[in-house]
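Q: okay, structure incoming, though there's no sequence with it:
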């Protein structure tokens, strides 16, 4: 192979002419031959938390809580279901806060989203 500028003979695999320093035709071919690194993105995105990523909250079914409140609200069954043991015991001994707490809970549970989250 000959240099395109000075015309002197150079090696066939040469990238630069050793006589004049000009890049040969192999320079472009070698740059094209360089392989780009392959990038692998592995986004599994497995969220093991409950309540959309907020730890410490538990999802409860609105309708289960409402039926428990409707039929066993005076005994505080819906409060025990929601994990509120202290209030459940209070409802148990006072008959659903003398019926007033039971009535309020029966109505407010209808307006909660399903599922709703409790701490």
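A: Looks like it arrived, so ask away. What you see is a predicted model, and the numbers here were worked out from it, not measured in a lab.
Q: mind listing the helices for this protein?
A: Along the chain, counting by DSSP state H, helices occupy 25-33, 62-72, 77-81, 85-98, 100-110.
Q: ranking these by burial, who's on top?
A: helix 77-81 (a mean of 21; mean count of other Cβ atoms under 10 Å). In this view, the C-beta of every residue, glycine as well, is placed from N, C-alpha and C.
Q: mean confidence for that helix?
A: What helix 77-81 shows for mean pLDDT is 95.
Q: now that helix: how far from the chain's centre is it?
A: Here helix 77-81 shows a centroid-to-chain-centroid distance of 31 Å under the convention Cα atoms, centre = their mean, to the nearest Å.
Q: contacting residues around residue 39?
A: The contact partners of residue 39, taken as Cβ atoms under 8 Å, 6 or more residues apart in numbering, number zero.
Q: related to what we said a few turns ago, could I get the helices of the chain as TSV with distance to residue 13?
A: What follows is the helices of the chain, written out as TSV (distance: least, Cβ to Cβ, whole Å):
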stretch	distance to residue 13
helix 25-33	7
helix 62-72	75
helix 77-81	79
helix 85-98	81
helix 100-110	81
